[in-house]
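**Student:** coordinates only, sequence not included:
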């Protein structure tokens, strides 16, 4: 149902992780909507706090340039930008409201914080979706610390094994945690993965964890 | 996904990218050369090992599979389209365009079981177990969802038997229920969760009330049920007339 709903974490680290995205509805307002969707990305790309930007049709900014992503937007695109700062989210929402693009705008993040940002921007929220958690054979899941990273790609493209490899690579000095966070963003074709938050989480894991094997 | 044993040099660079962790090392029959192979029955054909472009010898190959194996890729690779059901993506637009479609009206909730999320994958026989349990409650499954398209009986939740052994990275059971049924549907999900060999993530959607409060949050709190602090908010900025669309 959602590629951004089930991001896991603490209040402290989730408050550095907001996905603002847009799309239009098939059979309602999709036709010729690509121009407004491009404008949406152009507006958000101006904010220096956006750490990822993407469209599943083209990829995220760690695969292709922002210019290519915007140029290739189609009527059926879902376009995303990832923020790490609430104040910038609030400012962006205000600007989006004033732009009157007419596309559906959705924000993933701590629901109360998003509501505060909406109020600050003069927006009445319309619909809210909550994650109610995970059920079933929970023993099949990796550790919570790994899930905090992998669930930033809701399509499940970021493997737990790649996260473990990155922890090991950083420990061994083969790459920096910044480089590791950005590499983890590459499998996520929608561009909703937050490499900055991944970097911070990796820094914690590198201090705390060791591996006998991956 | 397959790996050409003759080309593979066994460097293992593709292994950590595998979402299912099913790329393993082996040796050729003579025991003279190490190479990687994919445990194909456990592979969900997500294609990420191939798209990672880390293979130095171009040994990875994604075969074009026929029915029913073909559905692995369409449910697991976000770049693939659903040819069988002609519905793109794993789910629907759901609440993302609710400000335009009014899919979820006041008095109702959207609920979903995202089979195989996060990251475990799911055989569709487990999806059928959840479908059947929910069907007994008389819920209406979302027609436009590609997984619903694999049901042969929406009243019983029975799926096409040809697909039951197929494994996908994730697939979503979507439904709309009256608000007063949210807790009973959740209870059924929790009960059937004990019978499956995978996990699922649960979604709960509602149109906000006139005072901007979220009715499902109240229901969950009143029943001492946990919801994440994290969620998704549709801002209600969508309009039938999109800026610049008419001028084209």
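**Tutor:** Looks like it arrived, so ask away. The model shown is predicted, which means the values in this text are computed figures rather than measured ones.

**Student:** could I get the pLDDT score of residue B:85?
**Tutor:** The per-residue pLDDT reported for residue B:85 equals 43.

**Student:** how many other residues sit next to residue B:4?
**Tutor:** Burial of residue B:4 is recorded as 14 neighbouring residues (other Cβ atoms under 10 Å in any protein chain shown). For glycine as for every other residue, the C-beta is placed from the backbone atoms N, C-alpha and C.

**Student:** contacts only, for it.
**Tutor:** Each residue near residue B:4 by Cβ atoms under 8 Å, 6 or more residues apart in numbering or on different chains is listed here: B:59-61.

**Student:** where does chain B get nearest to chain A, which residue?
**Tutor:** Closest residue of chain B to chain A, Cβ to the nearest Cβ: residue B:236 (3.1 Å).

**Student:** got a pLDDT number for that residue?
**Tutor:** 98.

**Student:** so residue A:53 belongs to a helix, correct?
**Tutor:** No - secondary structure assignment places residue A:53 outside any helix; it is strand (DSSP: H, G, I helix; E, B strand; the rest coil).

**Student:** if we can go back for a sec, are any of the contacts of residue B:4 buried, and which?
**Tutor:** Using 16 or more other Cβ atoms under 10 Å in any protein chain shown as the burial test, those include B:59-60 as buried.

**Student:** of the contacts of residue B:4, closest to residue B:218?
**Tutor:** Residue B:218 lies nearest to residue B:60 out of those, by Cβ to Cβ, at 50.1 Å.

**Student:** find the residue at the geometric middle of chain A.
**Tutor:** Among the residues of chain A, the one closest to the centroid is residue A:192, at 2.8 Å (Cα atoms, centre = their mean).

**Student:** need the helices for the chain, in chain order.
**Tutor:** Since no chain was named, I'll use chain A. A:11-14, A:34-45, A:66-71, A:86-99, A:111-121, A:144-150, A:160-171, A:177-185, A:195-208 (DSSP state H).

**Student:** switch to chain B, that's the one I care about
**Tutor:** B:48-51, B:70-76, B:98-101, B:124-135, B:182-192, B:215-222.

**Student:** for residue A:52, find the nearest of these.
**Tutor:** Using Cβ to Cβ, the helices of chain B put helix B:48-51 closest to residue A:52, at 17.3 Å.

**Student:** establish whether that closest one and chain A are in contact.
**Tutor:** Yes - among the residues of helix B:48-51, B:48, B:51 lie within reach of chain A under Cβ under 8 Å from any Cβ of the partner chain.

**Student:** so who does the closest residue to residue A:113 other than its chain neighbours touch?
**Tutor:** Using Cβ to Cβ, 6 or more residues apart in numbering or on different chains and skipping the chain neighbours, the partner closest in space to residue A:113 is residue A:86 (5.6 Å). Residue A:86 makes contact with A:15, A:18, A:113, A:116-117, according to Cβ under 8 Å, 6+ apart.

**Student:** in TSV, list those residues along with pLDDT.
**Tutor:** Formatted as TSV, these follow (pLDDT from 0 to 100):
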residue	pLDDT
A:15	95
A:18	98
A:113	97
A:116	97
A:117	97
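
**Student:** only the buried subset of these, as a ChimeraX command please.
**Tutor:** Buried subset of the contacts of residue A:86, written as a ChimeraX selection, criterion 16+ other Cβ under 10 Å:
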select /A:15,18,113,117
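
**Student:** circling back: Throw the helices of chain A into CSV and include distance to residue B:31, thanks.
**Tutor:** Converted to CSV, these look like this (distance: least, Cβ to Cβ, whole Å):
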stretch, distance to residue B:31
helix A:11-14, 48
helix A:34-45, 54
helix A:66-71, 47
helix A:86-99, 58
helix A:111-121, 58
helix A:144-150, 35
helix A:160-171, 26
helix A:177-185, 34
helix A:195-208, 38
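
**Student:** is stretch A:49-64 up against chain B anywhere?
**Tutor:** Yes - Stretch A:49-64 reaches chain B (Cβ under 8 Å from any Cβ) through residue A:56.

**Student:** now do that stretch, average pLDDT.
**Tutor:** So the average pLDDT for stretch A:49-64 ends up being 95.

**Student:** any stretches of chain B with poor pLDDT?
**Tutor:** Within chain B, the stretches with pLDDT under 70 are B:81-90, B:247-248.

**Student:** how's it carved up into domains?
**Tutor:** B:2-61, B:81-222 (automatic domain parsing).

**Student:** highest mean neighbour count out of these?
**Tutor:** Neighbour counts (mean count of other Cβ atoms under 10 Å in any protein chain shown) averaged over each of the domains of chain B peak at domain B:81-222, with a mean of 20.

**Student:** which of the helices of chain B sits closest to residue A:35?
**Tutor:** Among these, the nearest to residue A:35 by Cβ to Cβ is helix B:98-101 (17.3 Å).

**Student:** report the distance from the closest one to the chain centre.
**Tutor:** 22 Å (Cα atoms, centre = their mean, to the nearest Å).
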